[in-house]
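Peer 1: Return a 3D structure for these sequence lines:
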Amino acid sequence: MTSLDIDFVRSQFPAFSQDNLKGWAFFENAGGSYACGQVVDRLHKYYTQTKVQPYAVYPASARAGKEMDDAQSRLAALLNVETSEISFGPSTSQNTYVLSKAIGATLKAGDEIIVTNQDHEANSGVWRRLADQGITVKEWCVDPLTGSLDLADLDGLITAKTKLLTMPHCSNIVAEINDVAGAAEKIHAVGGLLVVDGVSYAPHGLPDIKATGADVYLFSMYKTFGPHQGAMFVNRQTQEKLPNQGHYFNEGFANKRFTPAGPDHAQISAVNGVIDYYEAIYDHHFDDDVSGEVSLAEKARRVNGLFAAHEKALTDKLLTFLRGRNDVRILGPEVADNRAATVALQTNKTATDLAEKLVNHKIMASACDFYAVRLLEALDVAPDPGPLRLSFVHYTSEAEIDQLISALKEVL
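Peer 2: Numbering: from 1, shown residues only. Next up is the predicted model:
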């Protein structure tokens, strides 16, 4: 494996050539990433060439529909799942809400579900509300010191009545990568479903969903260099058990059953740009697909390896600096192994003040609860103002990490 060509990577993102962003280092990627040029181009072409109702017989409409279909099939191939198992919605929060309605309709009083207090509220609150219909809601709690979820704790929570376990692939604050496959094995042993929030994991490498064992996997395209859409995988076996949430006459269309609102045609088409980007990164770094036989899933696996190695090196550099201070609490693992490139901090200074002072050093970062109030309360961190969060992805350069460290030395 070669190393990531960071100059080539950054050349794929229009943001890095914008005058208003020059010199600024972006450390709020967990809230939303820059869009790659391929996505921007796809959006522009759709709005200028095919902004018509799709799937009609005339050429512009037929092309619009084909681009939407291609986005679904290509993303599915990259994620190593079936095309019919992928659907798009306006956001992951909306997708999770609709999904909870579908699954909730299959449950009865006395059934049990398990949630965590590590999740973003989008993958917690909607499931907890099922208690209103007599469902028993159990909580898989984090360690209050580390924020970790211990897989062994599930043994005391899962019973023959457990119908659902929902969990994050990794937290948007603690950032430790959870053992999703291990959790899948435990919940499947009693015939339950595993719903995984992958929003905070996917920006660091779009996953092989089949390998996770998840029955449902959700993430946000706008945090994975794409348009503002939520992507949702629901495996075929689970789809067959759930009631249709869309128009009754669309029940036979898998990509419409869990998205009752009309789709954003242009943004779905622009999802192709994310796959275009993955292919561009692959073609630049590897030269073994001369016959076009390397699958998108395999290309993603290799590209993700490049991303992970680059991010790990940067994360290690930042964490090494932070561990050397006695005025900083790192929320989550203090080493770069088995964690995403999101580092949240509790200090003896107000986090919002720190974020404001970082602006003077051209550092873009935020401080708030990040929709993870339950986790912060478990960690004894006041949700208001919350921690300072520093999140980055593979297009972040080492120079930007150095810029961040220099700024932190000044403001802490």
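
Peer 1: now the strands for the stretch 1-150 of the chain?
Peer 2: Per DSSP state E, counting those that start in this stretch, the stretch 1-150 of the chain carries strands over the ranges 25-26, 86-89, 112-116, 136-140.

Peer 1: Return the list of helices and strands in contact with the shortest one.
Peer 2: Packing contacts for strand 25-26, counted by 3 or more C-beta pairs under 8 Å, 6 or more residues apart in numbering; DSSP states H and E, involve strand 363-364, helix 398-411. To be clear about C-beta, it is placed using only N, CA and C from the backbone, and glycine gets the same treatment.

Peer 1: Give me whichever of those is most buried.
Peer 2: Highest mean neighbour count among the helices and strands packed on strand 25-26 (mean count of other C-beta atoms under 10 Å): strand 363-364, with a mean of 20.

Peer 1: Given it, what are its sheet partners and their directions?
Peer 2: Partner strands and pairing direction for strand 363-364 (DSSP bridges) are strand 25-26 (parallel).

Peer 1: what's the average pLDDT for the strand it pairs with?
Peer 2: Throughout strand 25-26, pLDDT has a mean value of 98.

Peer 1: how far does it sit from the chain's center?
Peer 2: 19 Å (C-alpha atoms, centre = their mean, to the nearest Å).

Peer 1: hang on, isn't K161 packed against K108?
Peer 2: No - if you go by C-beta atoms under 8 Å, K161 and K108 don't touch, sitting 10.2 Å apart.

Peer 1: Of the two, which one has the most company?
Peer 2: Taking K161 and K108 together and counting by other C-beta atoms under 10 Å, K161 has the greater number of neighbours (13 against 9).

Peer 1: Find me the pLDDT at the more buried one, would you?
Peer 2: 98.

Peer 1: for the one 4 residues further on, same thing?
Peer 2: Predicted confidence (pLDDT) at L165: the value is 98.

Peer 1: repeat for D289
Peer 2: pLDDT at D289 comes out at 73.

Peer 1: Quick one: residues contacting it.
Peer 2: D289 makes contact with Y282, D283, K299, according to C-beta atoms under 8 Å, 6 or more residues apart in numbering.

Peer 1: What of I401?
Peer 2: L314, K317, L318, F392.

Peer 1: any low-confidence regions in the protein?
Peer 2: Along the chain, the parts satisfying pLDDT under 70 run over 1.

Peer 1: Longest helix in it, by number of residues?
Peer 2: If you go by DSSP state H, the chain has its longest helix at helix 296-323.

Peer 1: Quick check: buried residues in that helix?
Peer 2: By neighbour count on 16 or more other C-beta atoms under 10 Å, the buried set for helix 296-323 is 296-297, 299-304, 306-308, 310-312, 314-315, 317-319, 321-322.

Peer 1: just the angle between that helix and helix 398-411, please?
Peer 2: 30 degrees (axes from the mean of the first three to the mean of the last three C-alpha atoms, to 10 degrees).

Peer 1: And the next helix or strand past helix 296-323?
Peer 2: strand 328-331 (DSSP states H and E).

Peer 1: May I have stretch 328-342 as CSV, with CA atoms only?
Peer 2: Taking Å, rounded to 0.1, in the frame of the first residue of the first chain, the C-alpha atoms of stretch 328-342 are listed here in CSV:
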residue,chain,number,x,y,z
VAL,A,328,-6.9,19.0,29.4
ARG,A,329,-9.2,16.0,29.7
ILE,A,330,-9.4,14.0,26.4
LEU,A,331,-12.9,12.5,26.1
GLY,A,332,-12.5,9.0,24.9
PRO,A,333,-9.3,7.0,24.1
GLU,A,334,-6.1,8.9,24.6
VAL,A,335,-4.3,7.0,21.8
ALA,A,336,-5.0,6.9,18.1
ASP,A,337,-5.7,3.2,17.9
ASN,A,338,-9.3,2.2,17.4
ARG,A,339,-10.7,5.7,17.3
ALA,A,340,-11.9,8.1,14.7
ALA,A,341,-10.2,11.5,14.1
THR,A,342,-12.5,13.4,16.3
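
Peer 1: contact partners of that stretch?
Peer 2: In contact with stretch 328-342 (C-beta under 8 Å, 6+ apart) are residues 30, 146-148, 170-177, 200-201, 203-204, 311-316, 319, 322-323, 343-347, 379, 381, 387, 389-393, 396, 412.

Peer 1: how far does it sit from the chain's center?
Peer 2: The answer for stretch 328-342 is 17 Å, by C-alpha atoms, centre = their mean.

Peer 1: Report the buried residues of that stretch.
Peer 2: Neighbour-count burial for stretch 328-342 flags V328, R329, I330, L331, G332, P333, A336, R339, A340, A341, T342 (criterion: 16+ other C-beta under 10 Å).

Peer 1: Also stretch 190-199?
Peer 2: So, applying 16+ other C-beta under 10 Å, buried residues of stretch 190-199: G192, L193, L194, V195, V196, D197, G198, V199.

Peer 1: before we move on, the earlier item: mind giving me a markdown table with the contacts of I401 and columns for distance to Y46?
Peer 2: Converted to a markdown table, the contacts of I401 look like this (distance: C-beta to C-beta, whole Å):
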| residue | distance to Y46 |
| --- | --- |
| L314 | 34 |
| K317 | 40 |
| L318 | 38 |
| F392 | 30 |
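
Peer 1: Nearest to D5 among the residues you listed?
Peer 2: For the contacts of I401, the minimum distance to D5 (C-beta to C-beta) is 15.1 Å, reached by L314.

Peer 1: can you pull out the helices in this protein?
Peer 2: So, for the chain - with DSSP H - the helices run 6-11, 37-49, 59-79, 92-104, 125-128, 180-188, 209-212, 236-241, 265-285, 296-323, 351-359, 373-378, 398-411.

Peer 1: how far out from the middle of the chain is the last one?
Peer 2: Remark: helix 398-411 is offset 26 Å from the chain centroid, using C-alpha atoms, centre = their mean.

Peer 1: ditto for the longest one
Peer 2: A distance of 16 Å separates the C-alpha centroid of helix 296-323 from that of its chain, computed with C-alpha atoms, centre = their mean.

Peer 1: My read is that T347 contacts L388, right?
Peer 2: Yes - T347 lies in contact with L388 (C-beta under 8 Å); the separation is 7.0 Å.

Peer 1: Look up the closest residue to K51, ignoring the ones flanking it.
Peer 2: A266 (6.9 Å; C-beta to C-beta, 6 or more residues apart in numbering).
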